[in-house]
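Enquirer: Sequence first, then the predicted structure:
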Amino acid sequence: MAKVVAGMIGLGTVGTGVVRLLAKEKKIFLKKVAVRDINKARADDIFCSVTNDVYELINDPEIELIIEVMGSDQPAYEYLTAALEKRKHVVTANKEVLAKHGPELFALAKKKHLAIFFEASVAGGIPLISTMLKGLEANQINSVTGILNGTTNFILSSMEEHKISFASALAQAQALGFAEADPSADVEGFDVAYKLSILSALAFGHFVKPDSIYREGITKIGQKDLEIADSFGYRIKLVGTASRFSSNGNPKLDVRVQPMLIPKQHLLANISGSNNVILVNGDAVEQLAMVGPGAGQLPTASAIVGDVINLANALHLPDFAEYFQPEIESGWSTVTDEGNISRRFYMRLVVHDVPGVIGKIGTILGKNEISIQSIVQRGVKDEKANVIILTDFVRHSAVNKAAAELKGCDFLDELANLLAIFEEQ
Ligand code: NAP
Ligand code: HSE
């Protein structure tokens, strides 16, 4: 049987893993790899022909599929569009380009009877995409919730377990190859927003514009919050969720990424390091959980090479691209405003230690119809104290309004943190 000829764009952390795994595959020939800097030193065991001209691959009639592991929006979008125009199938790990241009890319692939495979774009080595596309086809999906970023989970777990600083935990994640080229994509929650856009397309039929997704990152989480959360029976994790939501009878989606306090006994609280976890709720299957490595060289390459093998096996069958393609509608889903969502909140205030402060805080919260579940004062130092409040269920918009009022009070030194508390749906 003739080998399937592939070209690849990118030879960084993931691309290097792909070359290593493809070396064992007899059915696939990786003809050429495009890189940015042709003079950069590569690992000793990486033998492949490299170029810095991506169009050498795109214009090569022998190449049937392009593996894209370069990342970012542009010029990746230009290259993927050009590859599809030249009738090449695509395997990509790039969630940013899919989240921002998914409708156009999938429409073009459909028009040209080509396949786009993207298992590595969400949850690294976990076969989540194929499970949602094929294994859960009989379900109406109600929600997808999880820890979808390995870097931030690694940072939060390391800060909690080893009491190290945010900066040194991030440096370790970068050295281990989990982080994006620009780590703000991880720590500010953009990466999870891109993944939620892709998961929304699979679960609900439309991509969600990443900039319409409510997003909070983890840079505001310090040792103090981790310690206090622990004392209340919680761990702090960056959680992404996409679910159906009805607002005044209009079907919408609730899609958001935010650090949350998770009860320690919950599965989400017990996933550490660069691992990911996803809870999918479907009307027939009810709830299923998938756990595994969410980032890193070989786990990610495992997903990509799995896609390449699937594609190579089916490539010459009639109508195979239609069989593999997700049913994604053109256009974008609308999401509800985060302010409409009710949940419980954790609030940490640093206040001047003077009489009457707790009463004044209670008055402001009461005025905004926020019921307090628990309020404690911790550790007076330099005449300042931490006041921690756990609220009852309340709309996010009401908490934001109360927070703005508290910020205007002279007893307040700092509103150190305001975080949502995770509840099982
Ligand atoms: P990386 O280490 O930064 O590698 C990027 C590669 O792309 C490099 O080889 C770079 O060339 C090449 N490149 C960048 N711009 C280029 C251009 N304009 N033309 C040609 N080549 C270009 O990134 P990575 O960690 O491997 O991630 C790659 C993709 O996989 C991203 O979309 C990322 O989100 C996704 N992903 C990563 C992981 C992970 O754990 N790292 C997991 C899942 C998904 P040079 O080598 O010459 O600089
Ligand atoms: N930077 C991403 C993460 C890579 O840490 O999860 C995997 O998508």
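Expert: Thanks, I have it. Ligands and ions are numbered 1, 2, ... in the order given.
Enquirer: Could I get the full set of strands for the stretch 51-200 of the chain?
Expert: Chain-ordered strands for the stretch 51-200 of the chain, with DSSP state E, counting those that start in this stretch as the definition, fall at 65-68, 89-92, 116-117, 141-147.
Enquirer: Could you save those as a markdown table and add columns showing mean pLDDT and distance to ligand 2?
Expert: No exception for glycine: its C-beta is placed from N, CA and C like everyone else's. What follows is the strands of the stretch 51-200 of the chain, written out as a markdown table (pLDDT from 0 to 100; distance: least, CB to the nearest ligand atom, whole Å):
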| stretch | mean pLDDT | distance to ligand 2 |
| --- | --- | --- |
| strand 65-68 | 98 | 14 |
| strand 89-92 | 98 | 12 |
| strand 116-117 | 97 | 16 |
| strand 141-147 | 97 | 9 |
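Enquirer: Just put the ones you listed in JSON lines and tack on mean neighbour count and distance to ligand 1.
Expert: Conversion of the strands of the stretch 51-200 of the chain to JSON lines gives the following (neighbours: other CB atoms under 10 Å; distance: least, CB to the nearest ligand atom, whole Å):
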{"stretch": "strand 65-68", "mean neighbour count": "26", "distance to ligand 1": "8"}
{"stretch": "strand 89-92", "mean neighbour count": "27", "distance to ligand 1": "7"}
{"stretch": "strand 116-117", "mean neighbour count": "24", "distance to ligand 1": "13"}
{"stretch": "strand 141-147", "mean neighbour count": "23", "distance to ligand 1": "14"}
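Enquirer: list the contacts for A43?
Expert: Taking CB atoms under 8 Å, 6 or more residues apart in numbering as the contact definition, A43 lies against T16.
Enquirer: Confirm it sits in a helix?
Expert: No - read with DSSP: H, G, I helix; E, B strand; the rest coil, A43 is coil and lies in no helix.
Enquirer: What segments of the stretch 301-425 of the chain are strands?
Expert: Defined through DSSP E, counting those that start in this stretch, the strands belonging to the stretch 301-425 of the chain, from first to last, are 342-352, 372-381, 384-391, 394-395, 412-421.
Enquirer: Who are the packing partners of the last one?
Expert: In this case it means strand 412-421. For strand 412-421, the helices and strands in contact under the criterion 3 or more CB pairs under 8 Å, 6 or more residues apart in numbering; DSSP states H and E are helix 223-231, strand 250-263, strand 342-352, strand 384-391, helix 396-407.
Enquirer: try the shortest one
Expert: With contacts defined as 3+ CB pairs under 8 Å, 6+ apart, the packing partners of strand 394-395 are strand 342-352.
Enquirer: Tell me which other helices or strands the strand it packs on touches.
Expert: On the basis of 3+ CB pairs under 8 Å, 6+ apart, strand 342-352 makes packing contacts with helix 223-231, helix 357-367, strand 384-391, strand 394-395, helix 396-407, strand 412-421.
Enquirer: one more time with 6 Å
Expert: Secondary structure elements in contact with strand 342-352, counted by 3 or more CB pairs under 6 Å, 6 or more residues apart in numbering; DSSP states H and E, are strand 384-391, strand 412-421.
Enquirer: Kindly report the residues of this protein close to ligand 1.
Expert: With CB under 6 Å from any ligand atom as the criterion, the chain comes near ligand 1 at residues 9-15, 34-37, 40, 54, 69-71, 75, 93-95, 120, 124, 177-178, 180-181, 295-296, 300.
Enquirer: okay if I get the strands of the stretch 301-425 of the chain as CSV plus mean neighbour count?
Expert: Converted to CSV, the strands of the stretch 301-425 of the chain look like this (neighbours: other CB atoms under 10 Å):
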stretch, mean neighbour count
strand 342-352, 20
strand 372-381, 13
strand 384-391, 19
strand 394-395, 18
strand 412-421, 18
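Enquirer: which one of those strands has the lowest average pLDDT?
Expert: Out of those, strand 372-381 stands lowest, with a mean of 89 (criterion: mean pLDDT).
Enquirer: outside of that one, which residues touch it?
Expert: Residues outside strand 372-381 that contact it (CB atoms under 6 Å, 6 or more residues apart in numbering) are 353, 385-390, 392.
Enquirer: Please read off the pLDDT at the most far-flung residue of the chain relative to its centre from the model.
Expert: Using CA atoms, centre = their mean, the residue of the chain lying farthest from its centre is P355. It sits 44.6 Å away. With respect to pLDDT, P355 has a value of 90.
Enquirer: what does the chain have sitting close to ligand 2?
Expert: By CB under 6 Å from any ligand atom, the residues of the chain that approach ligand 2 are 124, 149-151, 178-180, 186, 191, 294-295.
Enquirer: Now do the helices in the protein.
Expert: For the chain, the helices defined by DSSP state H cover 13-22, 54-58, 76-85, 95-111, 128-130, 150-162, 166-175, 184-187, 190-204, 223-231, 297-314, 320-324, 357-367, 396-407.
Enquirer: Out of those helices, the one nearest N275 is which?
Expert: helix 150-162 (6.6 Å; CB to CB).
Enquirer: For the closest one, name the packing helices and strands.
Expert: Applying 3+ CB pairs under 6 Å, 6+ apart, one finds that helix 150-162 makes contact with helix 166-175.
Enquirer: model confidence over the helix it packs on, on average?
Expert: Helix 166-175 comes out with an average pLDDT of 96.
Enquirer: follow-up on the earlier one: distance check, the residue farthest from the centre of the chain against F411.
Expert: Using CB to CB, to the nearest Å, one obtains 10 Å as the distance from P355 to F411.
Enquirer: Also A34?
Expert: In terms of CB to CB, A34 sits 60 Å off from F411.
Enquirer: okay, the closest residue to R235 other than its chain neighbours: pLDDT?
Expert: Once flanking residues are discounted, R235 sits nearest to A269: 4.3 Å by CB to CB, 6 or more residues apart in numbering. Per-residue confidence at A269 stands at 98 (pLDDT).
Enquirer: burial of the residue in the chain that ligand 1 sits nearest to, as a residue count?
Expert: Across the chain, the shortest distance to ligand 1 (CB to the nearest ligand atom) belongs to G12, at 1.9 Å. Applying other CB atoms under 10 Å, we find 17 other residues in the vicinity of G12.
Enquirer: any idea how far the nearest residue to it once chain neighbours are set aside is from Y79?
Expert: If the residues on either side of it in the chain are set aside, G12 comes closest to V69, at 7.1 Å by CB to CB, 6+ apart. Counting by CB to CB, the gap between V69 and Y79 amounts to 12 Å.
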